[in-house]
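Peer 1: fold the following, please.
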Amino acid sequence: MSLLVRTYRGELEDLQHFGRVAVCDTQGRLLYSVGDWQRMTFARSSAKPMQAIAVCESGALERFGITERELALMCASHNGESFHVEAVRGILKKAGLDESYLLCGGAYPIDPAEKLAMESAGKGPDAVHCDCSGKHSGMLLTALCYGEDLATYPRPEHPVQRRIMGILAQLCGVSEDSIVTAIDGCGVPVHAMPLCNLAQGYARMSRPDGLEPKRQDAIRRITAAMTAYPEMVAGTNRLCTALMRAFGGRLFSKSGAAAFYGIGLKEQGIGIAVKLEDGCSEFMPFVVARVLEELGVVTQAEAREALGALLDENIYNHAGTVVGRKEVCFHLEKA
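Peer 2: Below you'll find the model as predicted:
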């Protein structure tokens, strides 16, 4: 582990936040790193753009008239804002389904205002507001296209999940047997492999040349949709939305739970994977900005303008008084 960020309370160093970074090309060659780039790591929701390849290749987009905006939502960990929820319901309706088919579990929206509105109305958590409901709607449409059981699609042995396993293995340059699986918060398999291989997967998503034409087409559709509709991938005040809204011509990106982050540098064939060991995602914008600046993808001024309050180094108390600061304390090491 390497120290990535430290925080100060007053002038005294208070907390240390450790993590790892891997920057790789499409062949899995390590270009830059920080910390243990070989350590097994769960991709969590950062795998969603790769998982969405399965729905693209099933023919579901054409069969059900799925739009580019809806495809972006299938890659999302969305805020549960009204436009997200309406879009999920719209996807299901096109396929003749409703939200009762979603097996992602009930959750309140990530967006604080939407959560408060539901609580004030006496509404409990539900599946359509779950941040993974877009991904699950894509899995349902995939199963429907192939005539497979809709009631068991989250199970590891289901054909939908087996296809996703094969896709991840190919893109990340590992064997299926070497991928460690568990169950994610939304009930479907979550995949772990060395951090560098997850970076390789993002590199191949950024430059899919050499893959079979059908897969190349699916990948290009996914990354184009994400960068065209970044608000569908996350939402208001979220890192993914801000990054792709400002730099969608240069990169695509996707967050994962417990402070994982994946970035593909468009057309460069370079992928970036970041993991903060304590799972504290509030520091991810600082780490991502430093990585992109040191790779020459964005300037410091561009990052600050694009990310705004997400890059505020100050720590405030409840009265809004500055009581400390955050400090990035790492540099990429060239391989």
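
Peer 1: only C-alpha atoms from now on, for both contacts and neighbour counts.
Peer 2: Noted.

Peer 1: any stretches of the stretch 101-250 of the chain with poor pLDDT?
Peer 2: For the stretch 101-250 of the chain, applying pLDDT under 70 flags no range at all.

Peer 1: any chance you could map the helices in it?
Peer 2: All helices of the stretch 101-250 of the chain, identified by DSSP state H, counting those that start in this stretch, fall at 112-120, 133-146, 159-172, 195-206, 213-228, 230-233, 239-247.

Peer 1: part of a strand, is Val323?
Peer 2: Yes - Val323: assigned to a strand according to DSSP: H, G, I helix; E, B strand; the rest coil.

Peer 1: count of neighbours near it?
Peer 2: When neighbours are defined as other C-alpha atoms under 10 Å, Val323 has 13 of them.

Peer 1: so it makes contact with Tyr316?
Peer 2: Yes - assessed by C-alpha atoms under 8 Å, Val323 is found in contact with Tyr316 at 5.5 Å.

Peer 1: how far away is Lys254 from Met50?
Peer 2: 10 Å (C-alpha to C-alpha, to the nearest Å).

Peer 1: OK, contacts around Met1?
Peer 2: Residues in contact with Met1 (C-alpha atoms under 8 Å, 6 or more residues apart in numbering) are Phe18, Gly19, Arg20, Gly35, Asp36.

Peer 1: and the gap between the residue lying closest to Asp111 once chain neighbours are set aside and Ala113?
Peer 2: Counting by C-alpha to C-alpha, 6 or more residues apart in numbering, Asp111 lies nearest to Asn79, which is 5.0 Å off, once chain neighbours are set aside. Distance of Asn79 to Ala113, computed by C-alpha to C-alpha: 10 Å.

Peer 1: what's the answer for Thr241, then?
Peer 2: Relative to Ala113, and taking C-alpha to C-alpha, Thr241 is found at 18 Å.

Peer 1: more neighbours: those two, which one.
Peer 2: Remark: of Thr241 and Ala113, Thr241 carries more neighbours, 25 against 11, as counted by other C-alpha under 10 Å.

Peer 1: residues in contact with the more buried one?
Peer 2: Pro230, Glu231, Met232, Val233, Ala234, Gly235.

Peer 1: now those: which count as buried?
Peer 2: Among the contacts of Thr241, those buried by neighbour count (16 or more other C-alpha atoms under 10 Å) are Pro230, Glu231, Met232, Val233, Ala234, Gly235.

Peer 1: list the contacts of the first one.
Peer 2: Read that as Pro230. Pro230 sits next to Ala72, Cys240, Thr241, Ala242, Met244, Arg245 when contact means C-alpha under 8 Å, 6+ apart.

Peer 1: can I get the buried ones among the contacts of Thr241 in TSV including distance to Val88?
Peer 2: TSV is the format used below for the buried ones among the contacts of Thr241 (distance: C-alpha to C-alpha, whole Å):
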residue	distance to Val88
Pro230	16
Glu231	14
Met232	10
Val233	12
Ala234	14
Gly235	14
